[in-house]
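kindly return the folded structure for what I paste below:
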Amino acid sequence: MNAYALVGFLLYAWADVLLQVRIQENASTGYVDAFVRGRAKVVESFNYFVRFAFDFLIPVGYGGYSLYRLYGVVYAVPTP
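Here you go, the predicted structure:
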């Protein structure tokens, strides 16, 4: 079940990223446009990376870690 949730999250996240890229290709204003063109402030860039990590990287990392731990519990080698 954890693998299903992780794969589902990755599919939805990928669709969101692709949609955002498409929106930004057609936008000539806004924060992401300024960020891509190198005109964003340092604080804005930091916020962008923190939010990306919080929204995408941490859930994927935590999901992978939980699957690793679950695998270790299910297939634990008994100690004599």
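
lowest confidence element among the helices and strands of the chain?
helix 31-36 (a mean of 65; mean pLDDT, DSSP states H and E).

which helix of this protein spans the most residues?
The residue-count maximum for a helix in the chain (DSSP state H) belongs to helix 2-26.

residues contacting the spatially most central residue of the chain?
Computing the C-alpha centroid of the chain and ranking residues by C-alpha atoms, centre = their mean puts residue 56 first, at 1.6 Å. When contacts are counted by C-beta atoms under 8 Å, 6 or more residues apart in numbering, residue 56 touches 13, 17. Quick note: C-beta positions are derived from backbone N, CA and C, even for glycine.

if I look at it, how far off is residue 12?
According to C-beta to C-beta, to the nearest Å, residue 56 stands 11 Å off from residue 12.

buried set for the longest helix of the chain?
For helix 2-26, the neighbour count (16 or more other C-beta atoms under 10 Å) marks residue 6 as buried.

what is it packed up against?
helix 31-36, helix 58-74 (3 or more C-beta pairs under 8 Å, 6 or more residues apart in numbering; DSSP states H and E).

could you check how far residue 75 is from residue 2?
Distance of residue 75 to residue 2, given as C-beta to C-beta: 15 Å.

could you do residue 51 as well?
24 Å.

what's the answer for residue 22, then?
Applying C-beta to C-beta to residue 22 and residue 2 gives a distance of 31 Å.

repeat for residue 59
Residue 59 is 12 Å from residue 2, by C-beta to C-beta.

cool, and residue 72?
Counting by C-beta to C-beta, the separation of residue 72 from residue 2 is 13 Å.

same check, this time on residue 67
5 Å.

which residues of this protein score low on pLDDT?
For the chain, the stretches with pLDDT under 70 are 1, 24, 27-37, 40, 79-80.

rerun at 80
The chain contains residues with pLDDT under 80 at 1-3, 17-45, 47-48, 77-80.
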